[in-house]
Every structure is written in structure tokens, then in C-alpha cells.
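Colleague: Sequence and predicted structure are below.
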Amino acid sequence: MTAGHTHPKRPILKVLLLGTALTFAIALGVLLLLAPGLAERGMNTVKPLADTSLSADAQRLHQRLWVADLHADSLLWQRDLTERSERGHVDFPRLQAGNVALQMFTVVTKTPAGLNYHQNPADARDNITLLALAQAWPPATWHSLTARALYQADKLNGFIARAPKQAMLVTSQADLQTLQERRNAGEPVVGALLGTEGSHALDGDIANIQRLYDAGFRMMSLQHFFDNALGGSLHGNSGSGLTEFGRRALAEMDRLNIMIDVSHSAPQVVRDTLAIATRPLIVSHTGTYGHCPSPRNVSDELMQAIAAKGGLIGIGFWKSAVCDDTPAGIASAIVAAVALLGEDAVALGSDFDGAVQTRIDASQLALITQALLDKGVPEAVIAKVMGGNQLRFFMANLPAQ
């Protein structure tokens, strides 16, 4: 073609290419907007109960309680926690409706494809990378697990900044005292703590413990569904104990008064940790094996060893932990745990928003109070397991300031 001539098909081609690119961009935008919500609707479900009635006695008692929960993965999902949602289990309005005073928000940074309670390879494809991409998380989170933890902490701080009357961050005993004073004055404010779901969130660097502490993290679990640099997972391949890196990490956590959660740790990791930790341990979400013989739960003997050293055991709300996930079933699991471990060692550890099906969400915790009353549990014991034990434990183990 000679100079000065134009190809008659070129403008049409440009229009077609532009149209195709625009269509792709719109489709991608719709996918990013809708896919995370659609995915969560199939994971964090609530199977309705036939009867949700409450007696006047249960309503009155529940409103007097200090209610606390040790484990919710709500920050992983694309939801605004300041607004009541129709999906998932937890947001600030539902926590307030359930009279929750204190909620531990745990951040998930990696889960393996094919996740199960028996055996997961550490090098399996990571599900959270895909979720981070689908939810348009910052690029740093696509490859750094520490960045994923920090991003979820930033999300929580952003929610609190926009809704300071709904929630406040708790990082110290002083904050906890302030929370108590505000609630005693009639404010339905929810205290929010930060914890990790596995210390692969450190990206193999001890210095990241300080970074996470500075971002507000006050509890760290050691493993999740796979073995990591600290040692073996309850659901991993090795069954190994603490590594040298794990021992160094524990020493740094102890130095900073970070509470240690062994809810997904291999039994040998738990034993090694009990032998060297200077403060009591948490099992943030679990059941007891004697009551529910599930591969999710470690032996009763190991649970008793944790409780004997002042540890706190959070009883979960999903079937694999308690075998019966109705409020009556959860109450039975709590009663069994109190009989095994003592009334001062048992707490709530829902695993809300942890890709599990439950029968209740955070607004319906009074149904557990009702079920405990129905089983004849004394009100003083109900007050302990519903949150009094958590309040006492955090007052003893959070940093002073």
C-alpha cells in the first residue's frame, strides 16, 4: 500500500478490538465483584434451626453476661463488617445483637488445595492466593503471607475507624479496662482482638513477629492445615515437633506477651510448646476427643495437660469439632469439656466464617445460653464459659499497656 492511503478495515478492527477489551474489562469487573460473595455463600453457611425461641430467663441471663469468642475468620472475606450482611456469620451489628463483648479476629494467610483433616502437603496449591486475586487485594499480598496478615489487620482498623461506636481494637489490659468501662456505661461496643491462623504468616522471618505485634496482633497460632517452618501440623505430613526456628519464634512471642494458640498443631508441637512456654496456651477452636472422636480434635490427655497449666480451650460450633452443631449439641460439648478440664478452662471458640457450616450466627449466641440452662448448668458456670474465662485470661496475659 502506498503512502497517503488508509486501510478501510483498520477503523473497524480498532473498534472491534476496543469493544472486545471493554467487554473483557466489564466481565472481569463483574467477576471480581460477584465471585468472592458467591464463593463465600457456599462456605460460611447457616443451616436454619426449627426452633429459635428463648425463655425469659435465658434472655435476661444472656444480657447480663460478658460474652466472648476466641476465633472468627471474618477478615478473610469481602464484607463490610460495619454493616449487617446476609451472608457469613459475623459482623459488628450481629455481634452487638448477640451481646458479644469481645471477638478474636484471626487472619488466614494460606490454605492448601484439597484441604482435609487427615494429611495436607505443605507445597499444595494455595487457595488464598486465588482469593486475594479475586478480591483485588494489594499486589504485595499475592506473594507475601505477612502482607496478607497486615492487610487484614488494616481492614479491621478501617472498619473500626468508620464505626468507633460499634467496635474498638483491644491490644492491652488498659484497652480491656476501657472496653469494660464503656460497656458498663451502656455502650454496646465490641472489643476486637487480632490473631493469626498459623505462623506461616511470618514468611520464615523472626523479625515479622515484631511487625505483626506493632500492627496489633496479640495471639498467634503456630500451624494451620500444613507443616511449616515452626513444626508439624495436626493435619500435615510429618507429625514432627517444634523446629529450632519454632523455638526461637516462641521465645520472641513470649518476650512480647503474644498469646500462643496450638489449635492446629501436631501433638508433639503441643508437648514441646508446653515444655518451654512461660505462659498458658490457648486452643482457640476445637472439641474434646472423648466427646467427639474426630481427627480435628487432639487427645483428652493433651487437653488436660494444657488446662493443668492454666490454658484456655475454645469449644467450636461446627460439626467436625463437636459432632452435633445444634445449640444443644454445642452445650453438650461444653458440658463434656467442663467435666474433663474444669470450669475455668472452657470458653467459646466458634470458628465463625472459617469456611464451615453452623446452625447459628453471631446474633444468636443466646441460644447457647438457653441450651446450657436447659442442661442444668449453674448460671455461674455459664457466665465463665460464655466469656468470663476469656476476660480473666486476657486480663492476665495481654501486655499491660
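Modeller: Okay, I see it.
Colleague: what's the spacing between residue 234 and residue 145?
Modeller: Residue 234 sits at a distance of 19 Å from residue 145 (criterion: Cβ to Cβ, to the nearest Å). Placement of C-beta: from N, CA and C, glycine included.
Colleague: I meant residue 368, not that one.
Modeller: As judged by Cβ to Cβ, residue 368 and residue 145 stand 33 Å apart.
Colleague: what do you get for residue 43?
Modeller: 20 Å.
Colleague: Compare neighbour counts for these two and give me the winner.
Modeller: Counted by other Cβ atoms under 10 Å, residue 43 and residue 145 do not tie: residue 145 has more neighbours, with 25 against 15.
Colleague: List the residues that contact the more buried one.
Modeller: 109, 110, 200, 201, 202, 203 (Cβ atoms under 8 Å, 6 or more residues apart in numbering).
Colleague: quick one: low-confidence parts of this structure?
Modeller: Confidence mapping of the chain against pLDDT under 70 gives the ranges 1-38.
Colleague: Show me it divided up by domain.
Modeller: 7-42, 55-397 (automatic domain parsing).
Colleague: Quick one: these as a markdown table, columns for distance to residue 49 too.
Modeller: Shown next, in a markdown table, are these (distance: least, Cβ to Cβ, whole Å):
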| stretch | distance to residue 49 |
| --- | --- |
| domain 7-42 | 19 |
| domain 55-397 | 5 |
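Colleague: and residue 48, which of the ones you listed is closest to it?
Modeller: domain 55-397 (7.7 Å; Cβ to Cβ).
Colleague: ends of the closest one, how far apart?
Modeller: 36 Å (Cα to Cα, to the nearest Å).
Colleague: for residue 176, what are its contacts?
Modeller: Residue 176 makes contact with 102, 170, 191, 391, 394, 395, 398 under the criterion Cβ under 8 Å, 6+ apart.
Colleague: Within the helices and strands, which one has it?
Modeller: Assigned by DSSP states H and E, residue 176 belongs to helix 173-184.
Colleague: Give me the buried positions along that helix.
Modeller: Neighbour counts using 16 or more other Cβ atoms under 10 Å place 173, 175, 176, 179, 180, 182, 183 of helix 173-184 among the buried residues.
Colleague: can you check stretch 324-342 too?
Modeller: 325-338, 340-341.
Colleague: Likewise for stretch 185-198?
Modeller: Neighbour-count burial for stretch 185-198 flags 188, 189, 190, 191, 192, 193, 194, 195, 196, 197, 198 (criterion: 16+ other Cβ under 10 Å).
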